[in-house]
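> attaching a predicted model along with its sequence, questions to come.
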Amino acid sequence: MTSQRFKILAVVIALGALAVIVPSTNSFLILLATRALAFAILVMSLDILLGYTGLASMGQAAYLGVGAYLTAILAAKYQFGLGMDFWIVVVLGILAGAALAAVFGLLAIRATGVYFLMITLALGQCVWGLAYRWNSLTGGDNGINLRAKPKFAGLDLSHDVTFFYLVLAFFAVSLLAMYVLVRSPFGRSLVGIRERELRMQILGYNTWLHKYIAFIIAGAFGGLSGVLWAHTAGIVSPENVVLTTSVDALLMAVLGGAGTLVGGVIGSFIVFGLREYLSTLVPWWQYVLGAVYVLTILYLPTGLMGIPERYRQWRAGRSTKEEKVKALASVPS
Amino acid sequence: MTSTLARRLGPALLGGCVAFALAPVSTGAAQEELRIGFVAPTTGIFAQIGKDMVDGFQMYLDEVKGDFGGAKVKFIVEDEQGKPDTAVTKARKLILQDKVHMFIGGLLASTGYALAPVSTEHKTLYISSISAADDLTQRDLSKFPYFMRTSWTSSQPSHPFGQWACEQGFKKVAAIGADYAFGYEVVGGFQRAFEACGGQVIQKVWVPLGTKDFGPYIPTLKRDADRIFSLMVGPAALQFPKQMRASGYRKPLIGGGTSYDEFVLPAMGDEVIGHISPLQYSAALDTPKNAAFVKAYRAKYGKVPSYYSESNYTTAQMIHELVKKNGGKFPGAQEFIKQLSAMKFDTIRGPVAFDDMRNPVQNIYIKKVEKKKMHGYAKDELWNTVIKTYPNVSQFGQFEKAAFLKTPVYSRDYPPCKHCN
């Protein structure tokens, strides 16, 4: 319990530090932090499926895409969502993500393991196909540019720092909501399903329904992340829903540590940092990113969040060894 | 083992540290500094094209030793990874962190459409040196007051080319093109011009960008057409003529400029001999200026320059001449555009001026692939021999500007295929 309190305190301090430090850096770093936070919501939503329910989804970018395209289309074609109605767009984005997940879930949840992976991949690519081909609505390959950010209640979101705080707030609320979710009895039963689905079924749980609801919730957060992403990036294109974006989210979750929620944020910051900041400094950034992935998979299968645990095990292992040596030494010969 | 690792990593780390340490020092130079940001794909599937772009600009910089009429150029290259979204982030980095006076580049049409709003948002000059998206200098121009183009619009070479096709006596042409904005604009421009002088486009087939196996498409192409027009980009450009030949088709193809540009030509086989395409540049342009450029470029980078290289070399030249005129000072984005629009240049590709919509007016060359010796090189190679020059072609070509702008931008469905069945 105390260790849990300590963890919560650490996260709160980290968020506070982010809120204080980032605005005092240069505008480009503020922009990068905003991007990483907006995307981190998607990664955390994926973590609910991957880390807590044991479902590796390869199509999570679809929900980001739905939220982002919705925001962009409303803003570019109808000038909707650029004032107080931004909040309506947020709600619509969440609903759209959830609705899409509700449809896709019906098809995907019946499958498990690698088949689930394949089906979510295929469904994700359907959304990409739509985004790419439905020229009149999505602008096809050119995508949609958002020319203005919302302004309401004295807040001008085109101001980098204001927008950063808004995204940070959304992120914090999402993290809290997902944390409450995974700690709830519902969340515990998801973990049960991950560990052994058959046993949960025998205990009388409707595991299909549990997984289906988790899938919809993940979709809803994906939609929210999309709304924020559209305004962060200023452009929505099929690139946002293509397979590699889904894979990126998956890799970030694994890199940080699946089943930890905050691991996703760490993964997101590391990948964005390497891909978009290190790449401005050196041309060989891709080797660094590759090395980070390979080393994590080889030596830290539990991700970066697993480091303290590994350290504790190593310490414990060493101390037991020392005890053994001492014990051996004390044996009278 | 560890020591080897340290030895290997050492220089890289040291280099990184030195770069860090030097960065603030160089900004404090006494000479007027002109900071130019350059956005190009230096990783990913378009990395080689990105290299041609950077090399072209860098070569001009090296020739003038980084000195633009008194201004010391700080040239900052950022990797856009071939993604519009990344291009936007990198452009913002250049503006916000490096405080560049202007940013240049962007490869794909979609990247151009994504970068132009960034220039408006940050009131920073954006010069499109490759990205050819038509509407940026046509129907959308008023939205981008800080945008200038030094390259071309996708449909610019297609307009005279359509007319040329009529002059050859072609009556019916079937078209196959890459399924995205650039493809629509190149094919659309050809169709408009060809049908305006009595020709008929009897088929339009769209293939996804990046297609390498044309097996499903080739049998559907109408072989009784006088010519087949192809618009391919990158690897697809290599594959399509090969597979057409393998299917038994013997007539020479015609196509958009990128189907045969110098970026793909050296990797092509003899099957493309006799194929014809239009563009604003050919490495086989027989002028002393171009011959010198090709030789210098080839000696430096080991390959024949493509239009990607030429366009960026020329862009650097234009910026140089303008800054020199202003006594080594950057005159501000809007003043820059105003002055550049009024200037005329004698470039590698020929004379270049600008229309009142900030797009170049330039020669369009109709080029035929031939195997021959060129520019004094000993070996027989494939070259895009210029067979006809259309001088001073604007983006509207033979069409009247006002009427042209009233029609929608070329797309999958425009112009409609009236003669398809």
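Received it, and whenever you're ready, just let me know what you need.
> did I read that right, B:Phe229 in a strand?
Yes. Assessed by DSSP: H, G, I helix; E, B strand; the rest coil, B:Phe229 belongs to a strand.
> what segments of chain A are strands?
Under the criterion DSSP state E, chain A contains strands at A:144-145, A:151-152, A:155-156, A:235-236.
> most packed of the ones you listed?
strand A:235-236 (a mean of 30; mean count of other CB atoms under 10 Å in any protein chain shown). For the C-beta atoms, the positions are set from N, CA and C on the backbone; glycine is no exception.
> now do B:Lys388 against chain A, distance only.
Plainly put, B:Lys388 is 32 Å away from chain A if you go by CB to the nearest CB, to the nearest Å.
> what's the end-to-end length of stretch A:139-153?
One end of stretch A:139-153 to the other measures 32 Å (CA to CA, to the nearest Å).
> rounded mean pLDDT for that stretch, please.
For stretch A:139-153, mean pLDDT rounds to 82.
> distance of whichever residue of the stretch 251-400 of chain B sits closest to chain A relative to B:Gln243?
Nearest residue of the stretch 251-400 of chain B to chain A, counting by CB to the nearest CB: B:Thr258, 15.5 Å away. B:Thr258 sits 18 Å away from B:Gln243, going by CB to CB, to the nearest Å.
> pull the longest helix from chain A.
helix A:207-233 (DSSP state H).
> buried set for it?
By 16 or more other CB atoms under 10 Å in any protein chain shown, the buried positions in helix A:207-233 come out as A:207, A:210-233.
> need the residues of chain B near chain A, please.
Counting by CB under 8 Å from any CB of the partner chain, chain B comes close to chain A at B:12, B:16, B:19, B:42-43, B:78-79, B:81, B:83-86, B:88-90, B:92-93, B:96-97, B:109-110, B:113-114, B:117-118, B:120-121, B:133, B:143, B:180-181, B:209, B:411-412.
> hmm, B:Arg272 is touching B:Val264, no?
One thing to correct before we go on: residue B:272 is Val, not Arg. No. Applying CB atoms under 8 Å as the test, B:Val272 and B:Val264 come out as separate, 9.2 Å apart.
> so for those two, which sits in the more crowded spot?
B:Val272 (26 against 22; other CB atoms under 10 Å in any protein chain shown).
> ok, back up a step: compare neighbour counts for B:Thr258 and B:Gln243 and give me the winner.
Counted by other CB under 10 Å, B:Thr258 and B:Gln243 do not tie: B:Thr258 has more neighbours, with 26 against 17.
> separation between A:Ala108 and chain B?
25 Å.
> what about that residue, how many residues nearby?
A count of nearby residues for A:Ala108, using other CB under 10 Å, gives 24.
> name the nearest residue to it, sequence neighbours excluded.
A:Ile119 (4.7 Å; CB to CB, 6 or more residues apart in numbering or on different chains).
> tell me the confidence at that neighbour?
pLDDT at A:Ile119 comes out at 92.
> got a list of what it touches?
Taking CB atoms under 8 Å, 6 or more residues apart in numbering or on different chains, we find A:Ile119 in contact with A:107-108, A:111.
> need the per-residue pLDDT for B:Cys17.
Model confidence at B:Cys17 (pLDDT) stands at 41.
> let me fix that, I meant to ask about B:Pro252.
B:Pro252 is given a pLDDT of 92.
> and if you look at B:Gln239?
91.
> surely it touches B:Phe214?
Yes. With contact defined as CB under 8 Å, B:Gln239 counts as touching B:Phe214 (6.6 Å).
> show me which of those two is the more surrounded one.
Counted by other CB under 10 Å, B:Gln239 and B:Phe214 do not tie: B:Phe214 has more neighbours, with 23 against 15.
> distance of that one relative to A:Gly59?
Distance from B:Phe214 to A:Gly59, by CB to CB: 29 Å.
> cool, and A:Val254?
16 Å.
> more neighbours: these two, which one.
More crowded of A:Val254 and A:Gly59, by other CB under 10 Å: A:Gly59, with 29 against 26.
> residues near the nearest residue to that one once chain neighbours are set aside, how many?
Closest residue in space to A:Gly59, ignoring its immediate chain neighbours: A:Gly124 at 2.6 Å, by CB to CB, 6+ apart. A:Gly124 sits with 25 neighbouring residues when counted by other CB under 10 Å.
> surely A:Gly124 touches A:Ala62?
Yes. Here A:Gly124 reaches A:Ala62: they are 4.6 Å apart, a contact under CB under 8 Å.
> who's in contact with the closest residue to A:Gly223 other than its chain neighbours?
What sits nearest to A:Gly223 in space, not counting adjacent residues and going by CB to CB, 6+ apart, is A:Gly97, at 2.1 Å. Each residue near A:Gly97 by CB under 8 Å, 6+ apart is listed here: A:63, A:66-67, A:219-224, A:226.
> rerun that using 6 Å as the cut-off
A:63, A:66-67, A:219-220, A:222-223 (CB atoms under 6 Å, 6 or more residues apart in numbering or on different chains).
> what do you get for A:Ile30?
By CB under 6 Å, 6+ apart, the contact list for A:Ile30 reads A:22, A:160, A:164.
> dump those residues to TSV, plus neighbour count and distance to B:Phe103.
TSV is the format used below for the contacts of A:Ile30 (neighbours: other CB atoms under 10 Å in any protein chain shown; distance: CB to CB, whole Å):
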residue	neighbour count	distance to B:Phe103
A:Val22	19	24
A:Asp160	21	18
A:Phe164	23	23
